[in-house]
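Participant: can you look at this prediction? I've put the sequence above it.
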Amino acid sequence: MQYSESGIAELMGLLVLLVIGMPFCIATPYALGYLLGLEYEAELVKHWILALDTWLRILCLAGVGLVGFFILLIVCIIIYQAGKRLLFALLAFTEWVIAATLRTVEAMLELISSILKGLIWFLLQPFRLIGEFVADKFIAARTSIGQWKAEQQALRALYRDEYSDDFSSFRAFKRYWSALQRGEEPPYPGKEEKAKAEPKPKPKADLYSLALKELGLSEPFTKAAFKARYRRRMKEVHPDITGSNGAATRLNAAIELIKKRKGWS
């Protein structure tokens, strides 16, 4: 019967393990007896085995070695199971520690984020108030400028249509109009005898009345009627129809003046 080299190597390995492990297996029951306080009984069994014949002694030692092997096997299984449970417990504890750490870090980050947001809001509050104040002033100034421009356009249209022959310039007419608005009685330009014979003229109408006249409206009227009349008049005075921008400019000035007076946007 022939054996391969690998089979011979395995057999030699088993023999080496048997030779090395057998003394440990035989010594295990005696060591267990000493640990349990049975030194006398262990010595008695050892002397009894040594007193036997050779083959009986070998059989007894083999039996003791087999018992020791099973004891070692049980001990190894117990150690393995205990080690596995301990390892699982360590892994579970590690996972819990990691999860608790992550939750703590997350809570700390949320707290820091809330504190930073509150601090930024507190620091930016003055700038927000200043920005709102500046925006309100800018809107008020823009509204005032728009109203002033609308009044100037209406006043210029009034000068061009009705007073350009009596005043040398729009600036002179504007000074005269401003004096009337203040309740003064400035001298009306013209000949000396005409000024004595005729009473000083008053403005024929205020700017608002002129604007209503430009659109053909009279008080009271609704916003819808105002828009409808504006669209109709704009079609009539459009530069493509009239060939000039003068009428459209006067109409836009009247529109802005009425909207400012009514508070419409």
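Facilitator: Arrived safely.

Participant: count of neighbours near Ile112?
Facilitator: 10 (other CB atoms under 10 Å). Every C-beta, even on glycine, is put in place using the N, C-alpha and C of the backbone.

Participant: just the pLDDT for it.
Facilitator: Ile112 carries a pLDDT value of 91.

Participant: which element is it on?
Facilitator: Using DSSP states H and E, Ile112 sits in helix 54-158.

Participant: packing partners for that helix?
Facilitator: Judged by 3 or more CB pairs under 8 Å, 6 or more residues apart in numbering; DSSP states H and E, helix 54-158 is in contact with helix 5-35, helix 39-50, helix 170-181, helix 207-215, helix 246-262.

Participant: rounded mean pLDDT for the shortest one, please.
Facilitator: What helix 207-215 shows for mean pLDDT is 80.

Participant: what do you get for the longest one?
Facilitator: Average pLDDT, helix 5-35: 65.

Participant: any idea how far stretch 217-227 is from the chain center?
Facilitator: 48 Å (CA atoms, centre = their mean, to the nearest Å).

Participant: now for it, what's the gap between its first and last residues?
Facilitator: Stretch 217-227 has an end-to-end distance of 11 Å (criterion: CA to CA, to the nearest Å).

Participant: residues contacting Arg250?
Facilitator: 153-154, 157, 214 (CB atoms under 8 Å, 6 or more residues apart in numbering).

Participant: with Arg85 instead?
Facilitator: Residues near Arg85 by CB under 8 Å, 6+ apart: none.

Participant: which secondary element of this structure has the worst mean pLDDT?
Facilitator: Lowest on mean pLDDT, DSSP states H and E among the helices and strands of the chain sits helix 192-197, with a mean of 44.
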